[in-house]
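1. Here is a sequence together with a model predicted from it:
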Amino acid sequence: MTAADPVPTTAPAGSPAKRGRPGYDRDGILDVAVRLFNEQGYDATSVSDLARRLGLTKSALYHHFSSKEELLSVALEAALGGLEAVLDQPAARTGAASDRLRFVLTGATDVLVAQLPAVTLLLRVRGNSAVEQAALERRRVFDHRITALVAAAQAEGEVRDDVDAAVAARLLFGMINSVVEWYRPGGGVDGDRLGADIVRIALDGLRTS
């Protein structure tokens, strides 16, 4: 959105979906917006670009979202909220650290598969706005929690400790995050087993025996 674009009052983000033109509700608009952000880059995409892609006027678009920034915020919440929820599951919080690590890596991959466009957008965030900076801070907290989990598995003797825990965590999620570059729903790779396949390859290489 440019400084010249008006920002009409809109309903809160959590309000029930309302329709502007038939075929588009909040979820539909968000899906199109995220695809366009990923195609063109968030900074390079204007509200006018999005309105043209949707076939809506800007005023109809503002009926659902107050700004381009709100669209970004909602999309990033879908990605970050899903990843954070995995770490808050009982299986990620209790039991052997190696089992918890396996659960978290599998769950994170499942979130990526389920929220592929939103996670793709998250991985391209560069911190050029307050919304992006907040997302990056949440990613840093998530990364620290993963590093602590790897370190705990090392302390238990289940994961080799001659690799720095932070480096191991980055490499593990580098493998998971690379999925956005090649995985396509409905293609030849089974998304339901992708997490298990990644964990099997990744953790077998870190096991002590």
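-> Happy to help now that I have it. Numbering: from 1, shown residues only.
2. With just CA atoms, put the helix or strand hosting Gly174 into PDB.
-> Element membership for Gly174 (DSSP states H and E) is helix 165-177. Extracted as PDB, the C-alpha positions of helix 165-177 are listed here (Å, rounded to 0.1, in the frame of the first residue of the first chain):
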ATOM      1  CA  ALA A 165      24.000 -27.700  19.000                       C
ATOM      2  CA  ALA A 166      23.200 -24.400  17.300                       C
ATOM      3  CA  VAL A 167      24.900 -25.600  14.000                       C
ATOM      4  CA  ALA A 168      23.000 -28.900  14.200                       C
ATOM      5  CA  ALA A 169      19.700 -27.100  14.700                       C
ATOM      6  CA  ARG A 170      20.400 -24.800  11.700                       C
ATOM      7  CA  LEU A 171      21.300 -27.700   9.500                       C
ATOM      8  CA  LEU A 172      18.300 -29.700  10.500                       C
ATOM      9  CA  PHE A 173      15.900 -26.900   9.700                       C
ATOM     10  CA  GLY A 174      17.900 -26.000   6.600                       C
ATOM     11  CA  MET A 175      16.900 -29.500   5.400                       C
ATOM     12  CA  ILE A 176      13.200 -28.900   6.400                       C
ATOM     13  CA  ASN A 177      13.000 -25.400   5.000                       C
END
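3. ok, and what's touching the helix or strand of the chain with the lowest mean pLDDT?
-> Lowest mean confidence among the helices and strands of the chain (mean pLDDT, DSSP states H and E): helix 191-204, at a mean of 84. Contact with helix 191-204 is made by 98, 101-102, 105-110, 113, 159, 171-172, 175-176, 179, 183, 185, as judged by C-beta atoms under 8 Å, 6 or more residues apart in numbering. All C-beta atoms are positioned from the backbone trio N, CA, C, and that covers glycine.
4. likewise stretch 111-128?
-> Counting by C-beta under 8 Å, 6+ apart, 31, 34-35, 37-38, 41-43, 72, 75-76, 78-80, 82-83, 85-86, 132-133, 135-136, 139, 176-177, 179-180, 183, 185, 191, 194-195 sit against stretch 111-128.
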